[in-house]
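**Q** what follows is a predicted structure for the sequence shown.
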Number of protein chains: 2
Amino acid sequence: MLDDRKLAVLRAIVEDYVSTNEPVGSKSLVDRHNLDVSPATIRNDMAVLEEQGYITQPHTSAGRVPTDKGYRLFVDRLSHMKPLSSADRRAIQTYLAQAYGLDDVVMRTVRLLAQLTRQVAVVQYPSLTRAVVRHIELVRLAPEKLLVVLITDTGRVEQRMVDLPERSEDDDIAHLRALLNASLDGRRLTEAVAIVAGLTESVPPAGRANAAAVFSVIMANLVERNEERIVLGGTANLAAPDFSQGLREVLQALEEQVVLMRVLGNASDESLLSVMIGRENPVEGLQTTSLVSSGYGSGGETLAKLAVLGPTRMDYPGTMGAVSAVARYVGEILMES
Amino acid sequence: MLDDRKLAVLRAIVEDYVSTNEPVGSKSLVDRHNLDVSPATIRNDMAVLEEQGYITQPHTSAGRVPTDKGYRLFVDRLSHMKPLSSADRRAIQTYLAQAYGLDDVVMRTVRLLAQLTRQVAVVQYPSLTRAVVRHIELVRLAPEKLLVVLITDTGRVEQRMVDLPERSEDDDIAHLRALLNASLDGRRLTEAVAIVAGLTESVPPAGRANAAAVFSVIMANLVERNEERIVLGGTANLAAPDFSQGLREVLQALEEQVVLMRVLGNASDESLLSVMIGRENPVEGLQTTSLVSSGYGSGGETLAKLAVLGPTRMDYPGTMGAVSAVARYVGEILMES
DNA sequence: CTTGGCACTCGGGAAGCGTGAGTGCCAGGG
DNA sequence: CCCTGGCACTCACGCTTCCCGAGTGCCAAG
């Protein structure tokens, strides 16, 4: 249905439009790429491409512009991820290697992505659901006030204050601590919820009220905290005149962490690099943008996702290369630490 | 030098310009405000005001626009903070009261400020410097890996992983924990630094290497962490056509937390409400904006600052009212918890 | 000091014009 | 059947021109 040349034409149109930001016409196409046919031929091809919905003209007698569908085809079949220069790679590695602590890793990752792509970077904190409990610490701050600290193997630390229903002694707390650690150490958070739920019975009736309070906090922390945090960077790149259009909507969508989470969730299954183009995005405010996302994680597991958001008219091969490289290196760093 | 009527004229100009976003002329001034003099008189006054640098005309034969100096006078002498409606107050209180934990308080505060003022909200996390150490917990994750958790009376929890130079036993760590808590509990963080520095000697030589590692991490956390975190909200309000001008610069400046910190630091001394107008701002990218800031804190102490950033052409009385009210309520919430 | 009158200025919108890039279609040639 | 050159057609965009009206400064009189 679309012969090789028509595909080549589409590819050329996307490339030119991305680099010039102006509708591209038949003549300039033949000039810039060495398709050895005449402009007229190209025009015929373009007519077909337009009929099929891959390109469109902003107004009669202007050049053509790719549609979302056009970009989609381009991404799927006409382009390959462009690997980063080795200089870039080294820079990424050393910059990430200097990170100290999970927060720092995430922050550096965001900066890297934003800088490499000159677009908006989105990084999700590693998810807890696959993480494993490494330690639980209870700190008695006052007879009726307790601090619960939960540490996972991903280096994440969650803490929460608990008001106890009854006065407590150091010994009670020590017992509770021992019980919790014995039961939970090395377990996945998902399993841990079930375990904690069944734990109340192993507590002597005397301390049961306090224990229940602690348990419920722990469970809340484990489950509810699945709504993870997201970090943004490079927002300033939105101001590039590229898409002043809909800027407000985009900024608004970006501020809604919940919305962003959902989008990322929809985006790619697991660790594959995935691209969401324009109207493919379920969030209205983001339908003028494209999102290149990838999972990342340590070992074989995908802990969370990161992404780059830019105008539909974006350098897909380059962005994909950057996202994929950064995802890989972050994974490595996480594994080491 | 400036009689009452001239001041009234300046006030009127500011008010009109803020609400219409168009240069204001002599005629419309007399119409909208009931100054019972003729336009010609106003023109004379305006000429004087312009000569003194309080207003300016974008081009000949356009109305006048306030200068930074004009806004400054307006804020200092011509306007009063406009208190919030009691409905707004109640809304703030209930919304903040639902907050759970420091993070949540800060997040809600940011949202409130952004929504109330329809501008960009900036909230600094409560500073540690005045806080008091409540507890230090050491968690032994592995023979050579330790987690240090520092808890302050403001409910803040700082944690950090430490790689120990030597293998450790549970007992060693317990001793260290006891020592630290005995020395630091109830001390201000600022004092604590000095104390920890002198603590190495009280450790038996055997464990000294490990202790030193822990101490240095604690000190680093206390001192260095003075560079606090900042949370932003309402960035989408920047897209309001008001000041598309310099948007990029503003976004850029906002992303640089360090820069923002410095600005907030310069801004107000202590808990007073303070306003920084246009070029008064040391950061170049923010010289088209004004910043209304206030300290907030629990008890008598100022723990940190919060602010609202908007175009120079902003509703100062309203913004000041909102900032001041939110600051007060956040303080109260912090005190309770 | 205020006021009405008056001439002047000039930004900005409306209208008109020309240009050129780009198109679709067609008829002829490999 | 597909490619090609030719040709007439279409518009967005940039340019000028023009006009209008809001707003000004100045001045002389009250």
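**A** Great, that's in hand.

**Q** can you name the residues of the stretch 101-250 of chain A that neighbour chain B?
**A** By CB under 8 Å from any CB of the partner chain, the residues of the stretch 101-250 of chain A that approach chain B are A:101, A:134-135, A:137, A:139, A:141, A:147, A:149, A:151, A:155, A:157, A:159-161, A:233-236, A:238-240, A:244, A:247-248. (Each C-beta comes from the backbone N, C-alpha and C, glycine too.)

**Q** quick one: contacts for residue A:113?
**A** Applying CB atoms under 8 Å, 6 or more residues apart in numbering or on different chains to residue A:113 gives the contacts A:121, A:123, A:233, A:234, A:306, A:308, A:322, A:323, A:326.

**Q** show me which of those are buried.
**A** Judged by neighbour count, with 16 or more other CB atoms under 10 Å in any protein chain shown as the criterion, the buried members of the contacts of residue A:113 are A:121, A:123, A:233, A:234, A:306, A:308, A:322, A:323, A:326.

**Q** so which of those sit within strands?
**A** Secondary structure from DSSP state E places A:121, A:123, A:233, A:306, A:308 of the buried ones among the contacts of residue A:113 in strands.

**Q** how about the helices in the stretch 51-200 of chain A?
**A** Ranges of helices in the stretch 51-200 of chain A, per DSSP state H, counting those that start in this stretch, are A:68-73, A:86-97, A:102-117, A:170-184, A:189-197.

**Q** redo these as a markdown table? Include distance to DNA strand C and mean pLDDT.
**A** As requested, the helices of the stretch 51-200 of chain A are arranged in a markdown table below (distance: least, CB to the nearest atom of the strand, whole Å; pLDDT from 0 to 100):
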| stretch | distance to DNA strand C | mean pLDDT |
| --- | --- | --- |
| helix A:68-73 | 14 | 97 |
| helix A:86-97 | 33 | 94 |
| helix A:102-117 | 28 | 92 |
| helix A:170-184 | 65 | 88 |
| helix A:189-197 | 55 | 83 |
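
**Q** and those helices: which comes nearest residue B:67?
**A** helix A:102-117 (35.8 Å; CB to CB).

**Q** give me the angle between that closest one and strand A:120-124.
**A** 150 degrees (axes from the mean of the first three to the mean of the last three CA atoms, to 10 degrees).

**Q** just the CA trace of helix A:102-117, in CSV.
**A** What follows is helix A:102-117, C-alpha atoms only, in CSV (Å, rounded to 0.1, in the frame of the first residue of the first chain):
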residue,chain,number,x,y,z
LEU,A,102,18.5,7.7,46.4
ASP,A,103,17.3,11.2,46.4
ASP,A,104,20.5,12.4,44.8
VAL,A,105,20.3,9.7,42.2
VAL,A,106,16.8,10.7,41.2
MET,A,107,17.7,14.4,41.1
ARG,A,108,20.7,13.8,39.0
THR,A,109,18.8,11.7,36.6
VAL,A,110,16.2,14.4,36.1
ARG,A,111,18.9,16.9,35.4
LEU,A,112,20.7,14.7,33.0
LEU,A,113,17.6,13.9,31.0
ALA,A,114,16.5,17.5,30.8
GLN,A,115,19.9,18.6,29.7
LEU,A,116,20.5,15.9,27.2
THR,A,117,17.2,16.3,25.5
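
**Q** so what touches the longest strand that chain A contains?
**A** The single longest strand within chain A, with elements called by DSSP E, is strand A:133-142. Strand A:133-142 has contacts (CB under 8 Å, 6+ apart) with A:146-153, A:161, A:168, A:170, A:173, A:176-177, A:180-181, A:184-189, A:192, A:214, A:218, B:134-135, B:137, B:139, B:141, B:147, B:149, B:151.

**Q** can you list the strands that it pairs with?
**A** As defined by DSSP bridges, the strand partners of strand A:133-142 come to strand A:145-152 (antiparallel).

**Q** what mean pLDDT does the partner strand get?
**A** For strand A:145-152, mean pLDDT rounds to 82.

**Q** need the buried ones among the contacts of residue A:113 in TSV (columns: pLDDT and distance to residue B:106).
**A** Shown next, in TSV, are the buried ones among the contacts of residue A:113 (pLDDT from 0 to 100; distance: CB to CB, whole Å):
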residue	pLDDT	distance to residue B:106
A:121	97	23
A:123	95	20
A:233	94	20
A:234	94	23
A:306	94	24
A:308	97	28
A:322	97	32
A:323	97	30
A:326	96	29
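
**Q** where along the stretch 201-337 of chain A do the helices fall?
**A** A:208-224, A:247-255, A:257-267, A:316-336.

**Q** from the contact counts, what lies against the first one?
**A** With contacts defined as 3 or more CB pairs under 8 Å, 6 or more residues apart in numbering or on different chains; DSSP states H and E, the secondary structure elements packing on helix A:208-224 are strand A:145-152, strand A:157-163, helix A:170-184, helix A:189-197.

**Q** which of these is buried the deepest?
**A** Per-stretch averages of neighbours, counted by mean count of other CB atoms under 10 Å in any protein chain shown, single out strand A:145-152 among the helices and strands packed on helix A:208-224, with a mean of 21.

**Q** and it with strand B:157-163, angle?
**A** 40 degrees.

**Q** separation between the residue of chain A positioned farthest from its centre and residue A:168?
**A** Residue farthest from the centre of chain A, counting by CA atoms, centre = their mean, is residue A:206 at 46.8 Å. As for residue A:206, its distance to residue A:168 is 11 Å (criterion: CB to CB, to the nearest Å).

**Q** can I get the helices of the stretch 51-200 of chain A in a markdown table with distance to residue A:37?
**A** Below are the helices of the stretch 51-200 of chain A laid out as a markdown table (distance: least, CB to CB, whole Å):
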| stretch | distance to residue A:37 |
| --- | --- |
| helix A:68-73 | 20 |
| helix A:86-97 | 37 |
| helix A:102-117 | 35 |
| helix A:170-184 | 69 |
| helix A:189-197 | 59 |
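
**Q** near DNA strand C, which residues of chain A show up?
**A** Contact residues (CB under 7 Å from any atom of the strand) of chain A with DNA strand C: A:22-28, A:39-40, A:43, A:46-47, A:50, A:57, A:60-64.

**Q** would you check that residue A:324 makes contact with residue A:89?
**A** No. Judged on CB atoms under 8 Å, residue A:324 makes no contact with residue A:89 at a distance of 11.5 Å.

**Q** comparing those two, which shows the higher neighbour count?
**A** When neighbours are counted by other CB atoms under 10 Å in any protein chain shown, residue A:324 comes out ahead of the other of residue A:324 and residue A:89, with 19 against 14.

**Q** surely residue A:101 and residue B:158 touch.
**A** No. In this structure residue A:101 lies outside contact range of residue B:158 using CB under 8 Å: 10.9 Å.

**Q** my guess is residue A:9 meets residue A:26, correct?
**A** No. Counting by CB under 8 Å, residue A:9 stays clear of residue A:26, with 9.1 Å between them.

**Q** more neighbours: those two, which one.
**A** Legend: neighbour count by other CB under 10 Å for residue A:9 and residue A:26, higher for residue A:9 (29 against 20).

**Q** nearest residue to residue A:62 other than its sequence neighbours?
**A** Nearest residue to residue A:62, sequence neighbours excluded (CB to CB, 6 or more residues apart in numbering or on different chains): residue A:23, at 4.8 Å.
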